[in-house]
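[1] Sharing a model that was predicted from the sequence below.
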Amino acid sequence: GIDRSTGAPKPMPLGHFFLAINIESLCSLEVFKKNTGNLLRALRQSMKSPKGPGRIWTAGEIENDARVARTAQGGMKVSKVLQQNMIDL
């Protein structure tokens, strides 16, 4: 985007939000998964900014990558106090 007051380039305040409620009332689950997968692949394959991180992230990818990394390292450490708090719940 462009800063209207200075004319300088600036990051676009752009995001996407996806919501599905009882998707099978709109289409079959198989069709939904296929269409959603195609859309996400198209987003990720879009042209990237040469100044950017080199990747287009979609919702949940950063968190999933972190979960996979933690799992590969044996999981996340939980203190004894927090473990007891969770048990007490």
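    Done, it's in.
[2] By mean pLDDT, flag the weakest helix or strand of this structure.
    helix 61-72 (a mean of 91; mean pLDDT, DSSP states H and E).
[3] Quick check: buried residues in it?
    By 16 or more other Cβ atoms under 10 Å, helix 61-72 has no buried positions at all. Placement of C-beta: from N, CA and C, glycine included.
[4] could you point out the longest helix in this protein?
    If you go by DSSP state H, the chain has its longest helix at helix 29-44.
[5] which residues are contacting it?
    Contact partners of helix 29-44, identified using Cβ atoms under 8 Å, 6 or more residues apart in numbering, comprise 16, 18, 20, 23-24, 26-27, 55-56, 58.
[6] Give me the pLDDT value at the residue lying closest to Lys10 once chain neighbours are set aside.
    Nearest in space to Lys10, with sequence neighbours left out and distances taken as Cβ to Cβ, 6 or more residues apart in numbering, is Asp3 at 4.8 Å. At Asp3, the pLDDT value in this model is 80.
[7] just checking, Asp3 touches Pro11?
    No. Counting by Cβ atoms under 8 Å, Asp3 stays clear of Pro11, with 10.2 Å between them.
[8] Would you verify that Met86 is located in a helix?
    Yes. Counting by DSSP: H, G, I helix; E, B strand; the rest coil, Met86 is located in a helix.
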